[in-house]
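Enquirer: What shape does this take:
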Amino acid sequence: MKKRTSGAKGILLIAFLLFAVVLGALIFKKYETAARKVEPPPAAQPVGTFVSTLFFATPDGQSLVREGREVEIAEGVEEGVESVVDELIGGPVGDLAPTLPANARVLGVRVKGEVAQIDFGHELVEGVPAGSAAEMAAVYSIVDTVTTNFPQVKAVQFLVDGAAVQSLKGHLDLTGPLAADFSMEKKTPTAPEAK
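Expert: Numbers count the residues shown, from 1 in each chain. Coordinates of the predicted model:
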């Protein structure tokens with residue numbers, strides 16, 4: 001009987017030691033977690049404004065002209081791109097002509113490397129007038145506005161309702177990202193030099 005009791009005592013001792021080790025490990029982990037400094041999440045940047053450059057069409061629709069505008073930006077490049085394009089959709093404040101339909105919607109913006117993917121609602125395709133000049137003005141007013149205001153963005157990829165598009169009206173290939181092209185910009189004439 002003594003042998004059996006000492007065997008039972010050995011098993012009890014091993015069980016107690018295992019219990020003590022597991023309990024000690026749990027207590028250690030709890031205190032380690034409690035002692036670890038948790039970095040607070042970064043605070044959201046306050047809303048600010050900056051003067052942006054928007055490209056609108058000349059009254060004849062053949063060229064683009066710059067217009068300065070104060071735009072509110074919440075935080076991040078993607079939100080900034082969306083804010084600037086929303087201002088572009090809102091139209092010019094001066095004598096220039098709008099390049100985008102007033103009911104156009106930005107569904108989302110995603111920046112991947114140097115490319116800003118801008119997802120528009122179907123209203124953009126439906127609202128841009130027919131003709132190559134109107135399509136070029138619409139597309140390059142967006143591309144030139146985004147790349148001018150956000151130098152880290154070198155090109156814009158157009159999406160409509162989440163899908164890539166071939167073109168808006170059949171004149172301009174939109175299957176890949178488009179880089180800025182200022183060839184449509186009408187330069188303001190400089191005054192002749194005095195002699």
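Enquirer: all contacts plus neighbour counts: C-alpha atoms, from now on.
Expert: Noted.
Enquirer: Nearest spatial neighbour of the residue most central in space within the chain, chain-adjacent residues omitted?
Expert: By C-alpha atoms, centre = their mean, the chain has its centre lying nearest to residue 78, at 2.0 Å. Of all residues not flanking residue 78 in the chain, residue 109 sits nearest, at 5.5 Å (C-alpha to C-alpha, 6 or more residues apart in numbering).
Enquirer: next one: residue 133
Expert: Leaving aside its chain neighbours, residue 133 sits nearest to residue 62 (6.2 Å; criterion: C-alpha to C-alpha, 6+ apart).
Enquirer: Could you report the neighbour count for the one you found?
Expert: Neighbourhood size, residue 62 [other C-alpha atoms under 10 Å]: 15.
Enquirer: Could you do residue 90 as well?
Expert: Neighbours of residue 90 under the rule other C-alpha under 10 Å: 16.
Enquirer: Give the closest residue to it in space, chain neighbours not counted.
Expert: Spatial nearest neighbour of residue 90, chain neighbours left out: residue 102 (6.2 Å); criterion: C-alpha to C-alpha, 6+ apart.
Enquirer: Show the contacting residues for the one you found.
Expert: Shown in contact with residue 102 (C-alpha atoms under 8 Å, 6 or more residues apart in numbering): 89, 90, 91.
Enquirer: Looking at those residues, which is nearest residue 163?
Expert: Relative to residue 163, the closest of the contacts of residue 102 is residue 89; by C-alpha to C-alpha it sits at 20.4 Å.
Enquirer: for the helix or strand hosting the closest one, what is the average pLDDT?
Expert: Applying DSSP states H and E as the criterion places residue 89 in helix 76-90. Throughout helix 76-90, pLDDT has a mean value of 94.
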